[in-house]
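# build the 3D model from these lines:
(2 chains)
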Amino acid sequence: MRNMKKILSLVLIAALAVMTLAGCGSDSSDSSSDSTQSSSSVSTSDTGSSSSSEEEALSGTVATDGSTSMEEVIGALGESFMNLHEDVEFTYNPTGSGAGITAVSEGRCDIGLSSRSLDEEEKASGLEETVLAYDGIAIIVNPENPVADLSLEQIAQIYTGEITNWSEVGGNDAEIVVIGREAGSGTRDGFESITGTEDLCQYRQELTSTGDVITNVAQNPDAIGYASLASVDDDVKALTVDGVEANADTVKDGSYQVQRPFVLVTKADTELSEVAQAFFDYVTSADAVDIITNAGVVAANE
Amino acid sequence: MKNRKRLFENIVHGIFLVLGLVTVGCVLLITVYLVISGIPAIREIGLVEFLFGDTWASTADPPQFGILPFILTSIYGTSGAILIGVPIGFMTSVYLAKVAPPKLKSTVSAAVSLLAGIPSVVYGLVGMLVLVPGIREVFDVPDGSSLLAAIIVLAIMILPSIINVSVTALEAVPKEYEDASLALGATPIETYFRVSVPAAKSGIAAAVVLGVGRAIGEAMAVVMVSGNVANMPSLFQSVRFLTTAVSSEMSYAGAGLRRQALFSIALVLFFFIMLINAALNFFLKRSKEG
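Next up, the predicted model:
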């Protein structure tokens, strides 16, 4: 009887502990969006204290906010910047390009991140853009495929299911196997926004990594896929789009169309805090080129 | 002296109790967490619309969260794997338990154990590089990533669980039953299928249920061969399972309804597994009693 009681109380304690833990879990996910806001306010108050110290002992917070597609490149840059300056904290809030631009114009973050150029209205409101890198997306097919060039419109038609046979674009008489990435992928988001096919794509396969896309295209002679330019290898053939070959130069000069800029958005009339300025200078310097390239995009100032 | 001994005993008892409760605690934690995080999305979307909606478009505007394609795919995929895997596994286990000479038996058993130890990502990789192009060639379809590829991979993956449990059940059949049958003039094969197998049927049923559990919960191998598009299931179509629906979108989902909906999918999957476990317990209990 006494044992029963003991066991019962232990079980109850365990159950209580579980409940509290579970409560924590669900809370933290809800409050995550708030955390960056508070950290960005910290950064502005921190700048005063950091200016008193010497330049090598940079401290404070750099808050960035915006494009989810830029997660990989900005995350790598932030990490290496924090390695260089031990006392600096770097935050990134993946909210989307539009939200990032709004955040910087309202002063809720130091640098806004956008995976599209600013429009005239946004520029008129006192925002400034600096292109950090270009995200070039290669359209890839199997090396056996005789098709070597497609227009941007044809690509869109293939992905939306209007063109379903390679013979319609000058290839073999075979059904086109449309391969893409899973919903939420930055590459998919980029491809669909450039070709204007958001939510219209009729995928045959939605794969979870660039490597899987390349492997599948390399194996299937009738497949078409897209992958970030940096990861394309000899197993697949990158198509020319409207006659323009996909490489770092054509992406940078804008003649290759399946690309978009990764933009740092700042306020023209407000100076960045010392630490944010240091970060800005760092990511646009030659030192950051390798990190940007490793993240699969073409650095703007290569 | 006696008191000290008892104290020591009690302490050890306590340690065992705590260790035992770790497992119970984990199960409770996962259950409670899944229910808490899975319910809100179902409430917001509506249970019927969530379970029986046939369109999943989580990033569209407005988003649609219908998981019927995933549920059906999981059910079809698992059934297909059972349909292929159970006959092979069953025959293998009868052979191993009753017919095979000892030397051959130990070799095959070792191979089966090895099959059980292969990581699922390796199944997926081999499936992706061999099976998918193979299906494309053999059936002359544009793309081999399909429900069929997933079924074949799953059928191979569940073989070890089916074989191991069935062999144990068949070996537990009392020798007297078989001797009596043989003495009455039945051939060995007749004896195995008319006497041994019926005597071990609860254990074999448990083996099948275990296979179902393994198949429905597998994610890594099927994500690599099934194409992963939220279509209604069909043999040569690209499909998405309950498991892969969660795993492929989780890393992007961020906060909000989309993430909650993924938890709700996990809750549905969890519910399926609970059902399967209940069935397993039922059969295991019966096999012990029988």
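
# the stretch of helix or strand B:Leu275 belongs to - contacts with which helices or strands?
Assigned by DSSP states H and E, B:Leu275 belongs to helix B:257-289. Judged by 3 or more C-beta pairs under 8 Å, 6 or more residues apart in numbering or on different chains; DSSP states H and E, helix B:257-289 is in contact with helix B:2-45, helix B:47-52, helix B:68-94, helix B:201-217, helix B:242-250. Yep, even glycine has a C-beta here, placed from its N, CA and C like the rest.

# Throw these into TSV and include mean neighbour count and mean pLDDT, thanks.
Listed next are the helices and strands packed on helix B:257-289 as TSV, based on neighbours: other C-beta atoms under 10 Å in any protein chain shown; pLDDT from 0 to 100:
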stretch	mean neighbour count	mean pLDDT
helix B:2-45	13	91
helix B:47-52	14	92
helix B:68-94	20	95
helix B:201-217	23	91
helix B:242-250	23	86
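
# could those go into TSV alongside distance to chain A?
Formatted as TSV, these follow (distance: least, C-beta to the nearest C-beta, whole Å):
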stretch	distance to chain A
helix B:2-45	5
helix B:47-52	17
helix B:68-94	13
helix B:201-217	18
helix B:242-250	5
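
# tell me the centre residue of chain B?
Centre of chain B computed as the mean C-alpha position; nearest residue by C-alpha atoms, centre = their mean is B:Arg214, 1.6 Å away.

# which ones are touching that residue?
Taking C-beta atoms under 8 Å, 6 or more residues apart in numbering or on different chains, we find B:Arg214 in contact with B:157-158, B:161.

# swap in A:Thr208?
The contact partners of A:Thr208, taken as C-beta under 8 Å, 6+ apart, are A:181-182, A:185, B:223, B:228, B:247-248.

# by pLDDT, give me the weakest of the residues you listed.
Lowest in pLDDT among the contacts of A:Thr208 is A:Ser185, which has 76.

# wasn't A:Ala138 part of a helix?
No: counting by DSSP: H, G, I helix; E, B strand; the rest coil, A:Ala138 falls outside a helix, being strand.

# pairing partners for it in the sheet, please.
In this entry, A:Ala138 is beta-bridged to A:Ala227, by DSSP bridges.

# my read: it touches A:Tyr226, true?
Yes: counting by C-beta atoms under 8 Å, A:Ala138 does reach A:Tyr226; the two are 6.8 Å apart.

# who touches both of the two?
By C-beta under 8 Å, 6+ apart, A:Ala138 and A:Tyr226 have these common neighbours: A:Val258.

# which one's more surrounded, those two?
For A:Ala138 and A:Tyr226, the more surrounded residue by other C-beta atoms under 10 Å in any protein chain shown is A:Tyr226, and the numbers stand at 29 against 25.

# mind checking what secondary structure B:Val223 has?
helix.

# can you tell me how far the residue nearest to B:Phe50 when sequence neighbours are not counted is from B:Glu49?
Counting by C-beta to C-beta, 6 or more residues apart in numbering or on different chains, B:Ile42 is the residue found nearest to B:Phe50 once chain neighbours are left out, at 5.3 Å. In this view, B:Ile42 and B:Glu49 are 9 Å apart by C-beta to C-beta, to the nearest Å.

# ok and the residue in chain A nearest chain B?
At 2.8 Å from chain B, A:Gly184 is the closest residue in chain A, using C-beta to the nearest C-beta.

# do you know how far that residue is from A:Arg260?
Distance, A:Gly184 to A:Arg260, using C-beta to C-beta: 17 Å.

# same question, B:Phe271
From B:Phe271 across to A:Arg260, the span is 42 Å (C-beta to C-beta).
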